[in-house]
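Undergrad: From the sequence below, what's the structure:
(chains A, B, C, D and E, ligands or ions: 4)
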Amino acid sequence: NAQKVRVAAAANLHYALEQIKKQYEHEHPNTTVEITYGASGTLIQQILNGAPFDFFMAADKDFPLKLQAKGATTGPIRTYAFGRLVMWSSETNLSKGLNSVLLPTVKRIAIANPIGAPYGEAAVAVLRKYGLYDNVANKIVWGENISQTAQFAFSGNAEIGFIALSLALAPQMKGKGKYYVIPATMSAPIEQSCVLVKGWERNGEAARFMQYILSAKCNAIWEEYGYTK
Amino acid sequence: MYSEFIETLFVTGKLAVATTILLFIIGLPVSYMLAFARFRLKILLEALISMSMVLPPTVMGYYLLVAFSPQNGFGKFLEHYFDLRLAFTFEGILIASVVFGLPFMIQPLQNGLMSLPESLREVSYTLGKSKTTTFFRVLLPNIKPSIITGIAMTFAHCIGEFGVVLMVGGDIPGVTRMASIAIYDEAQALNYTVANRYSLILFLISFVLLTIIFSVNKRHKV
Amino acid sequence: MYSEFIETLFVTGKLAVATTILLFIIGLPVSYMLAFARFRLKILLEALISMSMVLPPTVMGYYLLVAFSPQNGFGKFLEHYFDLRLAFTFEGILIASVVFGLPFMIQPLQNGLMSLPESLREVSYTLGKSKTTTFFRVLLPNIKPSIITGIAMTFAHCIGEFGVVLMVGGDIPGVTRMASIAIYDEAQALNYTVANRYSLILFLISFVLLTIIFSVNKRHKV
Amino acid sequence: MIQIDVERKMLTTDGIRKLEVCVEIPQYELVCLFGRSGAGKTTLLRMVSGLFKPDKGIIRIGDRIVFDSSRKINLSPQKRNVGYMFQDFALFPNMSVEENIRFAQGEKDHKAVENLLETFQLIRLRNQSTLKLSGGQKQRVALARAFARKPEVMLLDEPLSSVDMELRLSLQNEILASHQLFQSTTIMVSHDKDEIKRLATRVMRIGKEKVVAFENPTDL
Amino acid sequence: MIQIDVERKMLTTDGIRKLEVCVEIPQYELVCLFGRSGAGKTTLLRMVSGLFKPDKGIIRIGDRIVFDSSRKINLSPQKRNVGYMFQDFALFPNMSVEENIRFAQGEKDHKAVENLLETFQLIRLRNQSTLKLSGGQKQRVALARAFARKPEVMLLDEPLSSVDMELRLSLQNEILASHQLFQSTTIMVSHDKDEIKRLATRVMRIGKEKVVAFENPTDL
Ligand SMILES: Nc1ncnc2c1ncn2[C@@H]1O[C@H](COP(=O)(O)OP(=O)(O)OP(=O)(O)O)[C@@H](O)[C@H]1O
Ligand SMILES: Nc1ncnc2c1ncn2[C@@H]1O[C@H](COP(=O)(O)OP(=O)(O)OP(=O)(O)O)[C@@H](O)[C@H]1O
Ligand SMILES: [Mg+2]
Ligand SMILES: [Mg+2]
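TA: Numbers count the residues shown, from 1 in each chain, chains lettered A, B, ... in the order given. Ligands and ions are numbered 1, 2, ... in the order given. Here you go, the predicted model:
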């Protein structure tokens, strides 16, 4: 008999997760995985108001924690992958690393809004840490989320964008520009966590899918799309 | 991939048609009242109807979601007495889109009714016709351009509506996922080739439908 | 915290007022043409004006962003000849919000003009008055309810507009950050106390402004 | 019988003044109403039909009180069984000539519609939009529509002002004939002495002196 | 001089027929136009004023050709220097009585406005909205407005149909006086034989036979 897993996932997991879904459904022919992508903030608001999701995959660790604090989860919060922060540009030479933000040709720098977007928070932190933030503060434009930040840079309106490595590797971005991965020593990888939503028990398949996500079977896919384990 | 998008088009069409019909039915008495009845606070009511445009759609959607939640008064009432949950159902987004489409239907209708010469109503009354008969046989047929505007605006707005429906509907494929949400998702994933193709399809279909709606106006113009 | 929000209110007000004024100026000739000129493809143009409502705002915003980009034709031209970049500037969101506000202004104006008796124009012409004089002194003063509707809808829509402005504006505090974006941010971060308070402020201010706009209608009603 | 005993303020060329009306019209009479432009003829018809509310007074149609300010009675126009032809016609622009007439009928009567179209020389124009009629044609449609209602009381506001002499005479006969056929008590506004003499069984005049005088038609 | 030699199709009570007009009106004449309801009187005035386009023909006002189908000339109403009082008045609802008259003036002339208000007995109503006037009052405003323009050609479509006898006589004198003062060539539609006899220097008649006859006013 057919089973269904309903997943609420952060928008930037799109590529990797579609791949995993395909692989999982192939291995479990009786199960369909239904994934709703959205901003983590939107997704939790929905979960807290009874949205029919079994499993929540966030782009950071904060949102699952918030969900847990409200008592809407069961079981532990698990980290499924680490994301890396990169600088991306279509034309600017990024060979100077982080200091590229000071180049005179750079008129606009796109960063995700630190309220709610972990990559934005990380970008601001690293710029502050190396004393660059105040120099470039008036060049920053804020994206609603990491996708929009990428769109700012991708459309060429911002010379540099701080985005996730996973986006820099997305088929659309690939080859359209260059990226510089901020070393783990400068900016710690971003922990991306998931958690089962209360009420999933009605649908035992969800726990199995979570185990699958965390298992080694997915490692190759995660890495292909720019995540580390 | 495509078949999924076709599915969203069906849901979108269903929502847009249902919303437009419901709003037309609701809009008739409300616009009549706003056009002809005299009561204090009428202006406030008029302003209130437009207020749904003022706040960000997702935030409005959130408020609606809270109202629908079985943990709160209204939602509890529905769950208890009707075993009904509105959030994340087609009925839920239908209600949301009706509420947020109000100004698009009511404003044009009210406007049309107000600009009719008073003597049309008066003469119909002296011919012994009730207010209802007068409304349907005399007033409405004479504000056809306003009706068309109301229907076109409501319909177009409903197709493009996005924030409220996304929040209240939860983007469930085949149930509450709209074409506009699917396009948004693809754009968010930077899948521009797909997003553009979807946009084009939605654009063309809407364009044809709106052209048909507007051409009704033209054909019947006096 | 609050002072920042007050700042967004100023930017919002500036944008809404500027958009409404510009759209009124643009809307006059366009609605006149749509109401009275006869040309093929008029219906298509009418439908086209409403099309900005059909696609998701952020997607429309993205298309505008691509058009503004210094890497593409139009944006390159602006950058090269005028050293002008529209993305992430107030001018940019003003253009965006004018483009996406078109149907809200033009539809009511066109409607109002079309429902005027033809003899008003005719008699003015026989009195030797030009089309322009006739338009400003005879036609416009007689469609006051439609003008009010157009202004109120445009204004309200602009305050709540969100997706397009967020995309084109880049959410820069004091320049392109709107009140609706600030509220959205707080809601996304689950800061509901703050989001509710901001919503209330925006709601109340808008409500007062819209009530004033509508009461002009009432006072001048014949 | 129509009993009218009302007053209402109006703005006239002599400033604001009170229109005072105190008359009794026996049943089946055809009363011609005349008076200066702006004297209050239309105002009077509107009060009888229920479209204007008198400031105070009483109006009785037959044995029904349709308006009484002291008892706060004010029947709606629908309940007064009054046919009223407006001075400015007020035709329904969405309906053809025939539909305008048909709409006025209480119960459908195909034969009566045909007769009216015939009488008022509108046969060929039956499907024409009322927006595309000449002034006199509009006036005839308005008149035919008022007759289609077959009311107890008929109020006609300058029904023949825009038609040529020949047609005017024939329509005068028509009004007389209909009046005799339906036996409605009729008040008709007219400025034409000959017309008044031909049609009126009584004459009513709204003078500057704010009173209403009854005169014998032949005395005019 | 006005030379009219045009034709235009219209729907009448006798079905679709062609209105053929071929007349020449010498300067400064006051021509009264009459004919059955729906004969085409208003249509003719609208063609002269430029609001209707004839199917073919030529219209000349003074020494200017204002319409010529063969040469594709069709001057706009603004360029024809014609004053036209509409049968249904078409007052501007957004303007008061005085503003309606003032709007019609080419150059502002305060004195002339006062005179017109006086002549047409509108002094007390000067600030009244035109929506709140009686039928006859509206007609007077429309007439005063047409005079305010002081045109070369004056077209009056039943200008006195809704006023009482006394006022009608005094306004007839006024039309005569204005005609002599401004020396505009005037075409006036009227159904009233006495009026035509009093005012007309010539008479024009649109008959069923589709031709236009000139008759001596006294022959009527
Ligand atoms: N809708 C209205 N609101 C206010 N005042 C009005 C309105 N209609 C008419 N009046 C005023 O009331 C007075 C009486 O008007 P009424 O229409 O009854 O005159 P009347 O006798 O029918 O004149 P006429 O022969 O010109 O039609 C007029 O002086 C006019 O200025
Ligand atoms: N706007 C219009 N469109 C089409 N046909 C019209 C229009 N106005 C009038 N007609 C038709 O043209 C014919 C001539 O109308 P016109 O108004 O010229 O008559 P008229 O001589 O002025 O009559 P009246 O004395 O009744 O005003 C009428 O039979 C009428 O049916
Ligand atoms: Mg009257
Ligand atoms: Mg006529």
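
Undergrad: Residue A:72 touches residue A:198, doesn't it?
TA: Yes. Contact criterion CB atoms under 8 Å: residue A:72 and residue A:198 qualify, at 5.3 Å. For the C-beta atoms, the positions are set from N, CA and C on the backbone; glycine is no exception.

Undergrad: Looking at the two, which has the bigger crowd around it?
TA: residue A:72 (19 against 16; other CB atoms under 10 Å in any protein chain shown).

Undergrad: What parts of chain A come near chain C?
TA: Within reach of chain C by CB under 8 Å from any CB of the partner chain, chain A has these residues: A:39, A:41-42, A:44-45, A:66, A:90-91, A:107-108, A:110, A:113, A:115-116, A:140-144, A:148, A:151-152, A:155-158.

Undergrad: how about 6 Å then?
TA: Residues of chain A lying close to chain C (CB under 6 Å from any CB of the partner chain) are A:41, A:115, A:116, A:141, A:142, A:144, A:151, A:155, A:156, A:157.

Undergrad: Pull the most distant pair out of those residues.
TA: A:41 and A:156 (27.9 Å; CB to CB).

Undergrad: Please identify which of the two sits among more neighbours.
TA: Comparing residue A:41 with residue A:156 by other CB under 10 Å, the one with more neighbours is residue A:41, at 26 against 23.

Undergrad: residue ranges with poor pLDDT in the chain?
TA: Since no chain was named, I'll use chain A. Applying pLDDT under 70 to chain A picks out residues A:1, A:200, A:202.

Undergrad: my bad, the chain I had in mind was chain B
TA: B:1, B:217-222.

Undergrad: mind running it again at 90?
TA: B:1-8, B:37-44, B:46-47, B:50-88, B:160-178, B:180-195, B:197, B:213-222 (pLDDT under 90).

Undergrad: How are the helices of it distributed by residue range?
TA: Assigned by DSSP state H, the helices in chain B fall at B:2-36, B:42-50, B:57-68, B:73-82, B:90-114, B:118-126, B:131-133, B:144-160, B:163-169, B:179-188, B:192-220.

Undergrad: Please apply the same query to chain A.
TA: Using DSSP H, helices in chain A cover A:14-27, A:40-48, A:62-69, A:118-129, A:133-136, A:146-154, A:165-168, A:205-214, A:219-224.

Undergrad: how many neighbours does residue B:87 have?
TA: 26.

Undergrad: So which residue is smack in the middle of chain A?
TA: The centre of chain A sits closest to residue A:59, judged by CA atoms, centre = their mean, with a distance of 4.1 Å.

Undergrad: Now do the contacts for that one.
TA: A:10, A:40, A:192 (CB atoms under 6 Å, 6 or more residues apart in numbering or on different chains).

Undergrad: Surely the second one touches residue A:9?
TA: Just to be clear, that refers to residue A:40. No. Between residue A:40 and residue A:9 no contact is recorded; they are 9.1 Å apart, counting by CB atoms under 6 Å.

Undergrad: which one of the two has more residues nearby?
TA: Set residue A:40 next to residue A:9 and count neighbours by other CB under 10 Å: residue A:40 wins out with 27 against 23.

Undergrad: related to what we said a few turns ago, buried subset of the residues of chain A next to chain C, written for ChimeraX?
TA: Here is the ChimeraX command that selects the buried residues among the residues of chain A next to chain C (16 or more other CB atoms under 10 Å in any protein chain shown):
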select /A:41,116,141,142,144,151,155,156,157
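
Undergrad: Can you flag which of the residues of chain A next to chain C belong to strands?
TA: Among those, DSSP state E puts A:141, A:142 in strands.

Undergrad: Same list (the residues of chain A next to chain C) but as TSV, adding distance to residue B:131.
TA: Compiled in TSV, the residues of chain A next to chain C are given as follows (distance: CB to CB, whole Å):
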residue	distance to residue B:131
A:41	50
A:115	54
A:116	53
A:141	57
A:142	55
A:144	50
A:151	54
A:155	56
A:156	61
A:157	57
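
Undergrad: now the residues of chain A next to chain C as a markdown table including distance to ligand 2?
TA: As requested, these are exported to a markdown table (distance: CB to the nearest ligand atom, whole Å):
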| residue | distance to ligand 2 |
| --- | --- |
| A:41 | 62 |
| A:115 | 64 |
| A:116 | 64 |
| A:141 | 59 |
| A:142 | 61 |
| A:144 | 57 |
| A:151 | 56 |
| A:155 | 55 |
| A:156 | 58 |
| A:157 | 56 |
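
Undergrad: which residues sit in contact with the closest residue to ligand 3 within chain A?
TA: Of all residues in chain A, the one sitting closest to ligand 3 is residue A:49 (64.3 Å; CB to the ion). With contact taken as CB under 6 Å, 6+ apart, residue A:49 is in contact with B:65, B:69, B:87.

Undergrad: How about residue D:56?
TA: Here residue D:56 is in contact with residue D:69 (criterion: CB under 6 Å, 6+ apart).

Undergrad: bridging residues for it?
TA: residue D:7 (DSSP bridges).

Undergrad: How confident was the prediction at it?
TA: pLDDT recorded at residue D:56 is 94.

Undergrad: where's it relative to residue A:207, distance?
TA: Going from residue D:56 to residue A:207 by CB to CB, to the nearest Å gives 83 Å.

Undergrad: next one: residue A:147
TA: 29 Å.

Undergrad: between the two, who's got more neighbours?
TA: residue A:147 (29 against 17).

Undergrad: That one contacts residue B:186, correct?
TA: No. Counting by CB under 6 Å, residue A:147 stays clear of residue B:186, with 10.6 Å between them.

Undergrad: Could you find the closest non-adjacent residue to residue A:133?
TA: residue A:127 (4.2 Å; CB to CB, 6 or more residues apart in numbering or on different chains).

Undergrad: neighbours around that neighbour, how many?
TA: Neighbour tally, residue A:127, other CB under 10 Å: 22.

Undergrad: Then the one 5 residues further on?
TA: A count of neighbours around residue A:132, defined by other CB under 10 Å, yields 16.

Undergrad: Show the contacting residues for it.
TA: residue A:101.

Undergrad: how does it look with 7 Å?
TA: A:98, A:101, A:102 (CB atoms under 7 Å, 6 or more residues apart in numbering or on different chains).

Undergrad: Alright, I will stop here.
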